[in-house]
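Peer 1: show me how the following folds:
(one chain, ligands or ions: 1)
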Amino acid sequence: MPLNAIPPTTTLENFKIKLEAAKDQCWVDVGFWGGIIPGNAGNLVELVNAGVRGFKCFMIESGVDEFPAVEKSDIELALKTLDGKNTLVMFHAEKESEFQHQDHDFPHPTATISKINDWIPDLHPTTYAAFLKSRPDQMEVDAIQTIIEVSTVAPTVPLHIVHLASADAIPIIRQAKDDGIKLSVETCFHYLAFAAENIPDKATTFKCCPPIRSSDNNERLWDALRTGEITSVVSDHSPCTPHLKDLDIGDYFRAWGGISSVGLGLSILWTGLQHQFRTKNYRVTFADIARWTSYNTALQTGLIASKGSIDIGKDADFCIFDPHDTLVVDQTLLPFKNKMTPYHGRTLNGLVKETILRGKTIFTTTDGHLPKPTGSLLLETRAY
Ligand SMILES: [Zn+2]
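Peer 2: I've put the predicted structure just below:
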């Protein structure tokens with residue numbers, strides 16, 4: 001994401017710094033998102049020309065000082081600027097609502113420990129319940145309503161909702177698509193795999209924004225995947241240092257919001273789908289999984305000419321997956337710089353045995369990674 005490493009990808013100069021840092025460091029092919037922040041509309045077209053695959057913006061405080069939230073007028077200006085420019089605009093769709101400003105008993109999503117104690121003494125900030133209450137479904141629904149409203153400014157620019165957590169937004173998404181708005185929607189492995197009821201207090205590795213919601217909500221997300229309102233499933237891998245996760249105290253409001261799960265997704269999804277099959281007789285094939293995790297993502301990122309399916313002329317990127325093997329997640333063995341994940345200790349069904357990039361094996365479960373990364377930076381013009 002454009003803000004996950006400093007400097008944020010909001011100017012051409014910053015983008016060049018990132019490209020230089022990423023050179024010869026990527027294990028797989030990597031594309032880059034640019035960022036929309038207040039005041040940088042003048043930088044957007046040159047970022048498109050330099051190869052960003054689209055832009056993300058926040059409709060609420062991002063947690064990073066260099067990446068402030070946009071107002072409706074900033075979004076409108078960005079859409080006008082990008083009209084006809086062969087790109088995509090994505091939204092972190094959470095918006096503070098009027099009722100939050102009016103209701104002083106309502107915890108602010110970025111409140112400090114002392115303020116939370118004043119507002120809701122019965123809910124301590126180390127409880128997951130307090131955190132969940134601070135970011136209700138309505139924040140996502142209101143944000144998506146605003147996105148639908150501003151879409152009329154530049155109807156040809158495709159829009160995308162990143163990491164949808166609330167199934168309450170599905171009806172307005174369905175209506176928007178029926179009305180012809182170019183809108184795609186993703187959810188994440190963790191919104192399908194975990195439920196708020198089961199998240200312990202002080203377990204801040206589970207903190208992400210928007211938050212993991214109820215098991216009933218998760219079932220509705222699965223249904224929306226099946227019916228196509230949700231188009232893809234992604235990791236939204238958002239790492240941080242152990243210090244930033246506030247692991248000692250476990251304050252959900254102070255901890256960094258983000259879950260690390262890149263590399264585990266296929267097993268997470270396969271495990272969840274088997275549960276769907278047992279409980280709802282929900283039949284899917286590997287073709288459905290490939291559509292949610294690869295084909296639709298390639299469409300969204302403008303890479304469909306070379307990625308997203310196995311076809312003549314496309315890159316031979318695929319993995320060998322054994323659906324009958326199991327993966328017991330041990331975070332100490334994950335190839336992350338900061339080895340933290342809420343999947344630690346979980347047994348998942350299915351195991352990636354081998355990963356192939358452009359026809360060459362780059363990873364096997366027995367030998368690990370190749371000695372050197374061989375991934376490319378994907379800066380070519382978007383294809384549709
Ligand atoms: Zn986000």
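Peer 1: ok, the residue lying closest to V328 once chain neighbours are set aside to A255 distance?
Peer 2: Counting by Cβ to Cβ, 6 or more residues apart in numbering, V328 lies nearest to T347, which is 5.1 Å off, once chain neighbours are set aside. Every C-beta, even on glycine, is put in place using the N, C-alpha and C of the backbone. For T347, the distance to A255 (Cβ to Cβ, to the nearest Å) stands at 26 Å.
Peer 1: between the two, which one's more packed in?
Peer 2: With neighbours defined as other Cβ atoms under 10 Å, T347 and A255 compare such that A255 has more, 24 against 11.
Peer 1: hang on, that one is in a helix, isn't it?
Peer 2: No - using DSSP: H, G, I helix; E, B strand; the rest coil, the assignment for A255 is coil, not a helix.
Peer 1: I'd say it and H243 touch.
Peer 2: No - in this structure A255 lies outside contact range of H243 using Cβ atoms under 8 Å: 10.0 Å.
Peer 1: returning to that earlier point: the residue nearest to V328 against L327, yeah?
Peer 2: Yes - using Cβ under 8 Å, T347 is in contact with L327, at 7.3 Å.
Peer 1: quick check: K353 is in a strand.
Peer 2: Yes - residue state for K353 (three-state DSSP) corresponds to a strand.
Peer 1: name the nearest residue to it, ignoring sequence neighbours.
Peer 2: I320 (4.7 Å).
Peer 1: need phi/psi at the one you found.
Peer 2: Geometry field for I320 lists phi and psi as phi -100, psi 120, criterion degrees, to the nearest 10.
Peer 1: for it, name its beta-bridge partners.
Peer 2: E354 (DSSP bridges).
Peer 1: quick one, what contacts it?
Peer 2: Residues counted as contacts of I320 (Cβ atoms under 8 Å, 6 or more residues apart in numbering) are 352-356.
Peer 1: for the protein, which spans come out with low pLDDT?
Peer 2: 98-122, 384 (pLDDT under 70).
Peer 1: residue closest to the middle of it?
Peer 2: Centroid check for the chain by Cα atoms, centre = their mean gives D236 as the closest residue, at 3.1 Å.
Peer 1: how much space between that one and M340?
Peer 2: For D236, the distance to M340 - Cβ to Cβ - is 15 Å.
Peer 1: do the same with N43
Peer 2: Taking Cβ to Cβ, one finds N43 at 34 Å from M340.
Peer 1: coming back round to it: wait, the residue nearest to the centre of the chain touches Y191, no?
Peer 2: No - D236 is beyond contact range of Y191, at 9.2 Å (criterion: Cβ under 8 Å).
Peer 1: hey, what's in contact with both of the two?
Peer 2: By Cβ under 8 Å, 6+ apart, the residues touching both D236 and Y191 are H163.
Peer 1: can you tell me, leaving aside adjacent residues, what's nearest to D24?
Peer 2: D24 sits nearest to P373 (Cβ to Cβ, 6+ apart), 6.5 Å away.
Peer 1: can you check H124 too?
Peer 2: Computed as Cβ to Cβ, 6+ apart, the closest residue to H124 that is not its neighbour in sequence is A130, at 6.4 Å.
Peer 1: which outside residues touch the helix or strand hosting Q276?
Peer 2: Using DSSP states H and E, the element containing Q276 is helix 265-280. Helix 265-280 has contacts (Cβ under 8 Å, 6+ apart) with 189, 192-193, 219, 222, 233-235, 261, 282-284, 289, 292-293, 319, 321, 323, 327, 343, 348-352.
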